[in-house]
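Participant: fold the following, please.
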Amino acid sequence: MSKLIHAIYIYSMALMVIAITIFIGLYGYAYYQIPVQERFYHPHYDWFKPSGIFGHGLGIIGTLMILFGVMIYIARKKYGFMEKYLRLKYLLEFHIFLCSLGPVLILFHTSFKFGGIVSIAFWSMVAVVLSGIIGRFIYIQIPRSIEGRELSLNEVKETQKSIIGKLKDFEQIGIDIEQLIGLNSQIGGMGPVAYLKRTLALMDLKKKLEQKNISKKQSRQFVEFVKQEWIIAGRINRLNQMQKLFKYWHVAHKPFALIMLVIVVIHVLITVAFGYKWIW
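Facilitator: Numbers count the residues shown, from 1 in each chain. You can find the predicted model right below:
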């Protein structure tokens with residue numbers, strides 16, 4: 001159930017980002033598709049321009065989203081802020097959501113026109129978002145506890161032993177457990193071909209279980225344990241490599257994020273100094 005809730009949580013936020021992007025794109029399409037030099041003559045120029053009520057609002061909300069997403073994640077991860085109430089894995093997804101939607105709003109705030117120091121902030125933001133996507137992929141390859149704490153190699157191996165123990169409880173059904181475990185090693189890799197081979201192997205396993213008149217409940221449990229063992233075995237093989245990649249990833253992600261935040265602060269200060277205001 002926890003996996004289902006987590007999946008719903010992730011996909012609902014992804015759909016929200018897509019839906020908001022489409023809505024704003026359609027809402028302002030008549031303005032955004034006009035060449036920059038002709039936008040001044042658009043009837044809603046004062047609404048959509050970067051300093052307009054709508055355009056300026058998108059920039060403010062997008063910036064606040066990014067700042068809040070970064071600060072709450074750092075506060076929880078580094079300083080244990082609300083540790084009892086905020087699970088790190090859910091907070092990471094919320095951080096990704098805010099730091100994905102925020103840049104989208106800022107992109108519409110610029111009206112797709114950026115140059116000078118703002119362009120540096122924008123492309124730094126793009127680099128942060130792209131590196132964040134890569135970082136999440138690396139993050140989920142590293143085994144973690146329910147709270148999101150990174151597990152040690154010994155802890156992962158203990159989990160694997162526990163799963164294998166559960167599989168051996170099914171030995172009476174006449175399936176060679178050792179052969180199943182070894183099959184995953186023979187397939188190896190994590191690309192589309194390996195994924196297809198594992199899918200076909202699981203389909204074949206389900207047919208064998210049906211032929212042995214195993215109940216649907218037992219069959220589902222057994223197949224689920226096999227999948228868990230294959231996943232964790234693959235993660236054990238990749239653990240050291242992924243941990244190293246995650247450390248190198250921080251070297252790229254953090255500087256771009258810092259550059260983006262510094263320039264955004266400068267941009268805000270300049271905007272205020274020149275007297276640009278929103279609704280206050």
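
Participant: use CA for all of it now, contacts and neighbours both
Facilitator: Noted.

Participant: how far away is Lys161 from His42?
Facilitator: Distance, Lys161 to His42, using C-alpha to C-alpha, to the nearest Å: 67 Å.

Participant: next one: Leu209
Facilitator: In terms of C-alpha to C-alpha, Leu209 sits 67 Å off from His42.

Participant: so these two - more neighbours on which side?
Facilitator: Leu209 (21 against 13; other C-alpha atoms under 10 Å).

Participant: spit out the contact partners of that one.
Facilitator: Ser219 (C-alpha atoms under 8 Å, 6 or more residues apart in numbering).

Participant: next one: the helix or strand harbouring it to chain centre, how far?
Facilitator: Here Leu209 sits within helix 192-211, counting by DSSP states H and E. For helix 192-211, the separation from the chain centroid amounts to 28 Å (computed by C-alpha atoms, centre = their mean, to the nearest Å).

Participant: cool, stretch 167-187 as well?
Facilitator: For stretch 167-187, the distance to the chain centre is 33 Å (C-alpha atoms, centre = their mean).

Participant: so where's this protein shaky on pLDDT?
Facilitator: Along the chain, segments meeting pLDDT under 70 span 1-2, 144-151, 279-280.

Participant: again, 50 this time
Facilitator: Scanning the chain for pLDDT under 50 picks out 1.

Participant: would you mind giving the domain segments of it?
Facilitator: Following automatic domain parsing, the chain resolves into domains at 2-150+240-273, 154-238.

Participant: what about the last one, start to end distance?
Facilitator: Going back to what we said before, that points to domain 154-238. First-to-last residue span, domain 154-238, C-alpha to C-alpha: 14 Å.

Participant: what about Val265, neighbour count?
Facilitator: Neighbours of Val265 using other C-alpha under 10 Å come to 12.

Participant: what of Lys84?
Facilitator: What Lys84 shows, counting by other C-alpha under 10 Å, is a neighbour count of 8.

Participant: separation between it and Arg76?
Facilitator: For Lys84 relative to Arg76 (C-alpha to C-alpha), the value is 10 Å.

Participant: if I look at Leu15, how far off is Phe23?
Facilitator: From Leu15 to Phe23 the distance is 12 Å (C-alpha to C-alpha).

Participant: with Tyr85 instead?
Facilitator: Taking C-alpha to C-alpha, one finds Tyr85 at 33 Å from Phe23.

Participant: so which residue is dead centre in the chain?
Facilitator: Residue closest to the average C-alpha location in the chain (C-alpha atoms, centre = their mean): Arg136, at 5.0 Å.

Participant: what about that one, which helix or strand?
Facilitator: Short version, using DSSP H and E: Arg136 is in helix 117-141.

Participant: now do that helix: everything it contacts.
Facilitator: Contacts for helix 117-141 (C-alpha under 8 Å, 6+ apart): 96, 99-100, 103, 114, 235, 238-239, 242, 245-246, 249, 252-253, 256-257, 259-261, 263-264, 267.

Participant: now do the contacts for Gly69.
Facilitator: Contacts of Gly69 by C-alpha under 8 Å, 6+ apart are 94-96, 98-99.

Participant: measure how buried Val223 is and give me the count.
Facilitator: 17.

Participant: if we can go back for a sec, helix or strand next in line after the helix holding Arg136, which one?
Facilitator: helix 153-168.

Participant: how distant is that following helix from the center of its chain?
Facilitator: 27 Å.

Participant: residues making contact with it?
Facilitator: 143, 177, 222, 225-226, 228-229, 232-233, 236, 239.

Participant: name the element Phe68 belongs to?
Facilitator: Per DSSP H and E: helix 53-79 holds Phe68.

Participant: hang on, the earlier thing: neighbour count for Tyr85 and Phe23, which is higher?
Facilitator: Phe23 (12 against 7).

Participant: tell me the buried residues in the host helix or strand of that one?
Facilitator: Following DSSP H and E, the helix or strand that holds Phe23 is helix 2-27. Across helix 2-27, burial judged by 16 or more other C-alpha atoms under 10 Å covers 10, 13-14, 17, 21.

Participant: take those and write them to TSV, including distance to Phe48.
Facilitator: Putting those into TSV (distance: C-alpha to C-alpha, whole Å) gives the following:
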residue	distance to Phe48
Ile10	31
Met13	26
Ala14	25
Val17	20
Thr21	15
